[in-house]
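Curious how this folds, go ahead:
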Amino acid sequence: MKKAIKKIEKENEESFSFFTLKEDKRYFLENLSMLIGASIPINKSLLIIEKGVRSRRMKRAIKAMVEKLEGGKNLSEVINESGIFESYVVSLIKVGEKTGKLTDNLKVIIGQKRKNESFKAKIVSAMLYPFIILFISLMIAGGVSLFLLPKLAKVFSDLNMRLPPITEAMISFSYFIEDYGLIFIPALLFVISLFAYFFFFKKETKFIGQYLAFNVFGAKKVIQESELARLGYNMGILLKSGLPISECFNSLIDSTDFYCYCNLYKKLKISIEEGETFSQFFEKNNADDFFPRPIQQMIIVSENSGTLADTMFNIGQIYQEKIDNTTKNISSIIEPILLIIVWVGVLSLSLAIILPIYNFIGNFNAGF
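Sure thing, here's the model as predicted:
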């Protein structure tokens, strides 16, 4: 029994570690930058950090790093062998070791990760508002169908009234909800959740939801602006840090959540590694949906003039402002559509209730 309990506890700890690993990676980088900046030896810094992390995997990795460092390996080598951090993180640390700017490059990594999280948060916040409004509207409609319409149906039935089609439809729906609501509503929520999971969260199939969002649901502007802000900021700051351009694309590939941009960055990386220029890539590939023409021209000109890092950083700043304005205004863009949906629902419900009463009053007056 004790062994079984220990096994369950261990599994729970491992599961918890999985969810805290991302947070521990940020904690590791932030504290490593601070401790090295305070002239504390790397070995001692890692031991201090190890006491503050929570995931078992990270604790094991840090202990292994310390042992390998004592065996004569570099920090970039032991971090690479841990298999926890992305390739661009390893490359930036390696560049920092060679140039004596390890602390600065660690700060670059931290800043970049914060920016990426900020871009993701902006997209989530922009998409969350309409879903909340629609969910509340559906809850209200369900409450009316479950509690109000059955009572009105009983009144109309007692009066032996002929009901308009819209009223009959709503009453039939309310009876259906009353009889099968405990099965239908959870099943409906389950199907919606399953749909959302497969099309927006499951790694293997979420590209379908992303395609719909990009081409059908009108989210193209938000996605494009956030990705161009990410592209400009990441490329600008990483190129200035001395990272090779192919490694910069590794950072973009690791940080983006959108398959269409991820595939584009992979193609662009291969193209650059094969010796092609941005201009040649843009000519061979139709990138207008992802990079507006003016941005393509800015990149081509800066590549020829040797100012690619500065131009990329400027693009990042431009689109950072754009995405800020878009996410602020998205509620005002979506609000009229939501108001129309709610208005149609309220009007339909009002007509379903008022029309029978109006007909009853008309028949009653005609009898006198």
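
only C-alpha atoms for contact and neighbour calcs from this point on.
Will do.

From the contact counts, what lies against the strand or helix carrying Arg60?
Secondary structure from DSSP states H and E places Arg60 in helix 56-70. Contact here means 3 or more Cα pairs under 8 Å, 6 or more residues apart in numbering; DSSP states H and E; on that basis helix 56-70 packs against helix 2-37, helix 42-52, helix 75-82.

tell me the angle that helix makes with helix 75-82.
Put simply, helix 56-70 runs at 140 degrees to helix 75-82, going by axes from the mean of the first three to the mean of the last three Cα atoms, to 10 degrees.

Quick one: work out the angle between helix 56-70 and helix 42-52.
Going by the same axes, to 10 degrees, helix 56-70 makes 170 degrees with helix 42-52.

What segments of the stretch 51-200 of the chain are helices?
Secondary structure of the stretch 51-200 of the chain by DSSP state H, counting those that start in this stretch: the helices cover 56-70, 75-82, 87-99, 102-143, 149-158, 165-196.

Going by neighbour count, list what's buried in the second one.
Right, the one you point to is helix 75-82. 75-80 (16 or more other Cα atoms under 10 Å).

Likewise for the last one?
Taking 16+ other Cα under 10 Å as the basis for neighbour counts, the residues of helix 165-196 that come out buried are 167, 170-175, 177, 181.

ok so, going back, from the buried residues of helix 75-82, pick the one nearest Ser251.
Nearest to Ser251 among those is Asn80, at 14.7 Å by Cα to Cα.

wouldn't the closest one be in contact with Ile93 here?
No - using Cα atoms under 8 Å as the test, Asn80 is too far from Ile93 to be in contact (9.9 Å).

Nearest residue to Ile177 in space, ignoring adjacent ones along the chain?
Closest residue to Ile177 apart from its sequence neighbours, by Cα to Cα, 6 or more residues apart in numbering: Leu146 at 6.3 Å.

What distance do you get for Arg230 to Met170?
As judged by Cα to Cα, to the nearest Å, Arg230 and Met170 stand 49 Å apart.

So what does Gly71 have for phi and psi?
In terms of degrees, to the nearest 10, the main-chain angles of Gly71 are phi -80, psi 0.

nope, Thr307 is what I was after
Dihedral pair for Thr307: phi -120, psi 30, per degrees, to the nearest 10.

and it, how far is that from Pro294?
From Thr307 over to Pro294 (counting by Cα to Cα), the distance is 16 Å.

JSON lines please, covering the buried residues of helix 75-82 and showing distance to Phe207.
Converted to JSON lines, the buried residues of helix 75-82 look like this (distance: Cα to Cα, whole Å):
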{"residue": "Leu75", "distance to Phe207": "36"}
{"residue": "Ser76", "distance to Phe207": "33"}
{"residue": "Glu77", "distance to Phe207": "34"}
{"residue": "Val78", "distance to Phe207": "34"}
{"residue": "Ile79", "distance to Phe207": "31"}
{"residue": "Asn80", "distance to Phe207": "29"}
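
From Lys113, how far off is the spatially most central residue of the chain?
The centroid of the chain falls nearest to Lys120 when counting by Cα atoms, centre = their mean (4.7 Å). In this view, Lys120 and Lys113 are 11 Å apart by Cα to Cα.

do the same with Ile36
Distance, Ile36 to Lys113, using Cα to Cα: 19 Å.

Hmm, Leu46 and Ile62 touching each other?
Yes - shown here, Ile62 and Leu46 form a contact pair, counting by Cα under 8 Å, at 6.5 Å.

any residues in contact with both of these two?
Counting by Cα atoms under 8 Å, 6 or more residues apart in numbering, no residue touches both Ile62 and Leu46.

returning to that earlier point: least reliable of the helices of the stretch 51-200 of the chain going by mean pLDDT?
Mean pLDDT is lowest for helix 149-158 out of these, coming in at a mean of 71.
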